[in-house]
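Trainee: give me the fold of what follows.
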Amino acid sequence: MGHDHGHDHTHGANKKALMISFFIITGFMIVEAIGGFITNSLALLSDAGHMLSDSISLGIGLLAFTLGEKVADYSKTYGYKRFEILAAVFNGVTLVLISLYIFYEAYQRFTNPPDVASTGMLIIATLGLLVNILVAWILMRQGDTEDNLNLRAAFLHVLGDLLGSVGAITAALLIIFFNWGWADPVASVIVAILVLISGWRVTKESIHVLMEGTPKNIELDDVIKTIENVKGIMGIHDLHVWSITSGKNALSCHAVVDGQLSIYECQDLLTEVELELQHKDIGHVTIQLECEDHPHDSSVMCQNKDESTGHGHQH
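Mentor: Residues are numbered from 1 along each chain as shown. As a prediction, this is how the structure comes out:
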């Protein structure tokens, strides 16, 4: 219960951080887009475009957290928390596509550089930097940007924006002092590379969760050793460890036990395994017990020596 309570508390903090960030980013995105058109700056327009994707990603992340609160039902027995991972995939792919578009626009500007209103560009980019620093601070301070993929994807959008603002400021200063028109597309390319890397990483990690891969914070050999070290367990097989959503790991396996154990001893054994695995950050555990003399035969597992019910215990 404590594990679930901690997860719910983190979930609420993540949702609140996203909501505040969404309103701040959306408001400034409108200002920056207008400024980009007025000053004719690609660095500003690409930053505004990225900020638009930020706004969308924060909105989708917020929607995913809200949908994730829906309780499990007969249709979705694990609930709706995987929406958070789907949102992370969407945001990761969006980052990759945005970076590719910026590359294309930068190429066009290298071949035919337009005039840029550098002073206006500098003012708007500086305001953008301050807004992005504020939003990044809110997400880091109130949310779990390390372990929650949905929030981390949104945070990476904001971080890419922050770098975009730095690039736009640098480009504006180079144009003002040295009249280097090429600084605008160069700044865009540098930001696009960083955005591409971030987008690729978060997409890869999200797909790993959807493919039910082993969580990155789980060491399988350590998990196997932990289970087999419990007195009464002779060995395990058919082991699976996966993430339902960020911070919510699950495990299932078959465990071979001493055939002389009573059903009550088996229950104690299961409780001990569950407690040990909670320390390994695995909160949802399903273990099928099998007697060493009859592996894969659930009809004879954990029989009480004084009873002939033939019922096994599955947790």
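
Trainee: how much space between Gly128 and Ile38?
Mentor: 14 Å (C-beta to C-beta, to the nearest Å). To be clear about C-beta, it is placed using only N, CA and C from the backbone, and glycine gets the same treatment.

Trainee: and the residue nearest to Trp242 when sequence neighbours are not counted, helix, strand or coil?
Mentor: Spatial nearest neighbour of Trp242, chain neighbours left out: Glu212 (3.9 Å); criterion: C-beta to C-beta, 6 or more residues apart in numbering. Assigned by DSSP: H, G, I helix; E, B strand; the rest coil, the conformation of Glu212 is coil.

Trainee: OK, contacts around Glu212?
Mentor: For Glu212, the contact set (C-beta atoms under 8 Å, 6 or more residues apart in numbering) comprises His240, Trp242, Ser243.

Trainee: surely the second one touches Gly213?
Mentor: This means Trp242. Yes. Trp242 is within contact range of Gly213, at 7.0 Å (criterion: C-beta atoms under 8 Å).

Trainee: so the two - more neighbours on which side?
Mentor: Trp242 (19 against 13; other C-beta atoms under 10 Å).

Trainee: what about the helix or strand harbouring Leu58, average pLDDT?
Mentor: Applying DSSP states H and E as the criterion places Leu58 in helix 42-68. Average pLDDT, helix 42-68: 76.

Trainee: what's the next secondary structure element after it?
Mentor: Defined by DSSP H and E, the subsequent element after helix 42-68 is helix 83-111.

Trainee: quick check: angle from that next one to helix 42-68?
Mentor: 170 degrees (axes from the mean of the first three to the mean of the last three C-alpha atoms, to 10 degrees).

Trainee: counting by contacts, list what helix 83-111 packs against.
Mentor: helix 42-68, helix 149-178, helix 183-210 (3 or more C-beta pairs under 8 Å, 6 or more residues apart in numbering; DSSP states H and E).

Trainee: what average pLDDT does that helix get?
Mentor: Rounded mean pLDDT across helix 83-111 is 85.

Trainee: same check on stretch 164-182?
Mentor: Mean predicted lDDT for stretch 164-182 stands at 85.

Trainee: can you give me the buried ones in that stretch?
Mentor: For stretch 164-182, a neighbour-count test (16 or more other C-beta atoms under 10 Å) marks 164-175, 181 as buried.

Trainee: perfect, I'm done here.
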